[in-house]
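1. Please work out how this folds:
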Amino acid sequence: MLDSTDKIVDNNQQTESEAKLVINNLNPEKMEDKNNSEKNSERSNTIVNSLNNSDRKISLEELINEFDLSATIKSLYQELKKAKEKLAQAKENRQKNALRKVARAKKALKEELQKNLLPTPIEKWKPKEEEGKLVIERKIEMVILGYAPSIINLSTTNDKLAMDIVNDDLLEKDSTKYLATADIFYQENIELRDLNGNIIPANTADVCYMLGSVKDQRIIQAIHKLNIDALVEGTDLRIIKNIQKREFTSIKELAKYCSTNTLLDRSLKGKEKLSLAVLATEDEFIKKISETCASEKMPASTAIKYYNLGKRFTNTELCNAARGILTGEFKYDLSCGDKIIAVLHELNFGEEIKKRYIIDAFASFTKLQNEKEEPYGFHTALEALRAFNTSDIKIIQATKTDKVNLIVSRLTARIPKEEMKA
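-> The predicted structure follows:
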């Protein structure tokens with residue numbers, strides 16, 4: 001039985017061969033040039049040594065010097081350096097103009113970095129048993145991370161939620177993440193792209209394919225994109241830790257592995273996010289939404305609209321609430337949602353109450369204007385709804401399309417006369 005206390009073996013404790021970085025030759029045209037490979041291997045060790053230092057920092061200038069990055073990147077980096085130098089020397093009346101030039105230089109450099117294949121630092125963990133204890137050997141490598149568009153649908157736009165979660169101290173950052181070498185994809189002529197959507201030329205060295213859950217893929221991609229920002233800003237690069245590599249003899253074998261390890265994955269449902277948000281925020285609005293979901297058996301998105309007068313939470317806002325974060329400011333009156341639902345029950349709307357088109361129509365009507373060009377508002381809308389008769393309800397229930405406009409027209413027909421000229 002293994003000792004529950006893990007022993008971590010640092011890179012400094014490894015042999016020279018264990019600590020040596022895998023060759024990173026980012027220019028596919030030079031892959032067969034042994035001399036260049038040897039030079040890249042020697043230069044790559046400089047990167048590893050930098051990352052193994054306690055500060056674990058690496059600059060864009062080092063990447064430019066150690067890897068064959070594009071001439072455009074080199075030029076834009078020099079322009080950014082000059083812009084920063086001028087900013088430092090600028091007098092107070094020239095500060096704003098200098099700041100704008102630095103911002104433009106950063107933007108241009110970032111856009112160019114996103115067009116190029118860039119290496120990402122990973123830390124491989126290799127667990128093994130030694131004298132009844134679990135020993136983990138760690139080794140840092142620089143690799144290009146890729147995915148196959150024909151297999152997974154990965155958005156290359158910034159995943160703001162994932163990038164935010166990466167910075168959350170509660171995230172288990174050292175959870176195991178899995179990669180595979182890209183060789184079998186080259187053999188089958190399957191196109192790979194990097195995490196910015198750039199095509200990776202066949203036989204490019206040191207490319208790793210992301211395995212694992214959607215969560216792992218989003219976290220890895222978020223770190224990659226944050227590292228691009230770090231290169232531009234001159235801040236620390238993040239190292240993707242606890243990487244374990246899996247070897248496959250064929251795409252068929254890899255596909256079976258991916259299916260077996262991801263088919264049971266699913267994202268949280270709206271009501272599950274809401275239940276977590278109740279506990280994480282202890283907010284009265286969130287609590288009321290959760291109670292209504294349970295009592296009315298309606299989707300969370302619909303309940304939110306009832307108590308927020310037609311306004312919805314974005315998925316990001318709901319996810320943030322589940323993490324205990326309420327973003328933005330919004331006004332609400334919990335009694336409004338209660339009153340609307342109560343009237344709908346009095347009118348015997350039945351299952352229709354769960355449908356969002358009713359609250360969408362109600363909210364739209366509140367914004368319509370009377371003869372004085374003033375919005376009807378909540379009170380008038382509620383009285384118009386209360387004036388519905390059996391015929392109104394039957395027509396609404398029988399209609400299959402565009403129920404929002406139908407309900408709005410019915411509400412308009414039921415406006416109390418004194419309200420029309422109010």
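2. Can you point out the buried residues in the one helix or strand E79 maps to?
-> Taking DSSP states H and E as the criterion, E79 maps to helix 71-89. Residues of helix 71-89 classed as buried under the neighbour-count rule (16 or more other CB atoms under 10 Å) are 73, 76-77, 79-80, 83-84, 87. C-beta coordinates here come from the backbone N, C-alpha and C atoms, glycine included.
3. Taking those residues together, which two end up most distant?
-> Distance extremes for the buried residues of helix 71-89: the farthest pair is I73 and L87 at 20.9 Å, using CB to CB.
4. hmm, back to that, list of residues touching the helix holding E79?
-> The set of residues external to helix 71-89 that reach it, using CB atoms under 8 Å, 6 or more residues apart in numbering, is 60-61, 64, 95, 98-99, 101-102, 104-106, 108-109, 112-113, 116, 232.
5. Q217 versus T262, what's the distance?
-> For T262, the distance to Q217 under the criterion CB to CB, to the nearest Å works out to 10 Å.
6. er, A182 actually
-> For A182, the distance to Q217 equals 15 Å [CB to CB].
7. What mean pLDDT does the helix holding E79 get?
-> The predicted model gives helix 71-89 an average pLDDT of 93.
8. G337 contacts Y307, doesn't it?
-> Yes: taking contacts as CB atoms under 8 Å, G337 lies within contact range of Y307: 3.6 Å.
9. residues shared between the contacts of these two?
-> 288, 292.
10. between A182 and Q217, which one's more packed in?
-> Taking neighbours as other CB atoms under 10 Å, A182 and Q217 compare with A182 leading, 24 against 21.
11. Show the contacting residues for that one.
-> 146, 192, 200, 204, 207-209.
12. And it, how far from I228?
-> With distances defined as CB to CB, the gap from A182 to I228 amounts to 21 Å.
13. can you count the residues close to the residue nearest to L276 when sequence neighbours are not counted?
-> The spatially closest residue to L276, leaving aside those adjacent along the chain, is A322, at 4.2 Å (CB to CB, 6 or more residues apart in numbering). Here the neighbour count serves as a burial measure; for A322 (other CB under 10 Å) it reads 20.
14. Does A322 touch L279 like I think?
-> No: A322 is not in contact with L279 according to CB under 8 Å; the separation is 9.1 Å.
15. mind listing the strands in the stretch 201-350 of the chain by residue range?
-> 207-210, 240-246 (DSSP state E, counting those that start in this stretch).
16. How far off centre is stretch 187-205?
-> In terms of CA atoms, centre = their mean, to the nearest Å, the centre of stretch 187-205 is found 23 Å from the chain centre.
17. got a list of what the residue lying closest to R323 once chain neighbours are set aside touches?
-> The shortest distance from R323 to any non-neighbouring residue, by CB to CB, 6+ apart, is to A280 (6.2 Å). For A280, the residues meeting the contact criterion (CB under 8 Å, 6+ apart) are 321-324.
18. Pipe those residues into a markdown table and attach distance to P121 and pLDDT per row.
-> Compiled in a markdown table, those are given as follows (distance: CB to CB, whole Å; pLDDT from 0 to 100):
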| residue | distance to P121 | pLDDT |
| --- | --- | --- |
| A321 | 33 | 90 |
| A322 | 31 | 91 |
| R323 | 27 | 91 |
| G324 | 31 | 91 |
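19. If you rank these by neighbours, which is first?
-> Counting by other CB under 10 Å, top hit in the contacts of A280: A321 with 23 neighbours.
20. Hmm, L279 and that one touching each other?
-> No: under the criterion of CB under 8 Å, A321 lies out of contact with L279, with a separation of 10.6 Å.
21. name the element the closest residue in space to K139 that isn't next to it in sequence belongs to?
-> If you skip the residues right next to it in sequence, K139 has K124 as its closest partner in space, 4.8 Å away by CB to CB, 6+ apart. Assigned by DSSP H and E, K124 belongs to strand 120-130.
22. Excluding chain neighbours, what is closest to L368?
-> Of all residues apart from its sequence neighbours, Y376 sits closest to L368 (CB to CB, 6+ apart), at 5.5 Å.
23. Could you check how far that neighbour is from H224?
-> 51 Å.
24. okay, the two: which has more neighbours?
-> Taking neighbours as other CB under 10 Å, Y376 and H224 compare with Y376 leading, 21 against 18.
25. No further queries at this time; thank you.
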